[in-house]
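Peer 1: A predicted structure for the sequence below; I have some questions about it.
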Amino acid sequence: MPSPDFSLERQHWRRGFFRVAGVDEAGRGAWAGPVTVAAVILPSALQDTGFDDSKVLSATQRQRLAREVRRVAVAWAVEHAWPDEIDRLNILGATHAAALRAVAKLDPKAQALVTDYLKLRTDLPLLAPPRADALSLSVAAASILAKTERDLLMTGLDEQFPGYGFAGHKGYGAPQHREALARLGVSAMHRRSYAPIARLLQPSLLP
């Protein structure tokens, strides 16, 4: 599969929008912890970065490339939507809210956006094709930052909420996580609106 490039960003550049932010998230499908969104503006002259969709990179590669993203980016920002916001807005609404917060934090400000199918409500020109993290260098860079920042948070939450195994499964529905939920119950970091968690919170129908 071809590596990400600036072909999507060029569509904005041709219209005179040169500060194009790529936006991507990590953790939408997890049962616990935040959904994390990153926004990254890269310099147009950037070459041979190795940036790619975070899902095809090893943890070691992601850590190295995250440092490189921060080093070369014109601007970058990361925002989180925590379980209470996810339960209040639903996961899509919370992801959009965190994405807009990340974009607002960029300095200098973005003039246009490319997202991985996040159809944000924004006045900025927006391209939101599916699988943009595998197509756009800016979105790939954002996916790396979002994934590494969220993984770091989940490792910290593993210490605050011992026994759930957050450092290993990162809040997803792994067998270890299911077993811990059956044993320990639902923590403050769990998304109570998610069906597997909501079922655990239902009062027993048995006498």
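Peer 2: Thanks, I have the structure now.
Peer 1: would you confirm that V78 contacts T36?
Peer 2: Yes - look at V78 against T36 with C-beta atoms under 8 Å: they come within range, at 6.5 Å. (C-beta placed from N, C-alpha, C; glycine too.)
Peer 1: hey, what's in contact with both of those two?
Peer 2: 146, 149 (C-beta atoms under 8 Å, 6 or more residues apart in numbering).
Peer 1: so between the two, which is more surrounded?
Peer 2: Between V78 and T36, counting by other C-beta atoms under 10 Å, T36 is the more crowded of the two (28 against 21).
Peer 1: pLDDT at the residue nearest to the more buried one when sequence neighbours are not counted, what is it?
Peer 2: For T36, ignoring the flanking residues on the chain, the nearest one in space by C-beta to C-beta, 6 or more residues apart in numbering is R150 at 3.9 Å. R150 carries a pLDDT score of 98 in this model.
Peer 1: for S204, same thing?
Peer 2: Listed pLDDT for S204 reads 51.
Peer 1: quick one, longest helix in the chain?
Peer 2: Using DSSP state H, we find that the single longest helix of the chain is helix 137-160.
Peer 1: which helix or strand lies directly C-terminal to it?
Peer 2: helix 166-169 (DSSP states H and E).
Peer 1: need the contact partners of the helix or strand just after that following helix.
Peer 2: As assigned by DSSP H and E, the chain's next helix or strand after helix 166-169 is helix 175-184. Residues outside helix 175-184 that contact it (C-beta under 8 Å, 6+ apart): 31-32, 163-165, 168-169, 171, 190, 196-197, 200.
Peer 1: buried subset of those residues, written for PyMOL?
Peer 2: Here is the PyMOL command that selects the buried residues among these (16 or more other C-beta atoms under 10 Å):
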select buried, resi 31+32+164+165+169+171+190+197
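Peer 1: determine which two of the contacts of helix 175-184 are furthest apart.
Peer 2: Comparing all pairs in the contacts of helix 175-184 by C-beta to C-beta, the longest separation belongs to G168 and L200, at 20.1 Å.
Peer 1: can you report how many residues lie near A75?
Peer 2: 17.
Peer 1: residues in contact with it?
Peer 2: Here A75 is in contact with 19, 21, 39-41, 106-108, 110 (criterion: C-beta under 8 Å, 6+ apart).
Peer 1: how much space between the residue nearest to T36 and Q160?
Peer 2: 15 Å (C-beta to C-beta, to the nearest Å).
Peer 1: repeat for T36
Peer 2: 17 Å.
Peer 1: got the phi and psi for the residue nearest to the spatial centre of the chain?
Peer 2: In the chain, the centroid-proximal residue (C-alpha atoms, centre = their mean) is E25; its distance is 2.0 Å. E25 adopts backbone torsions of phi -130, psi 170, taken as degrees, to the nearest 10.
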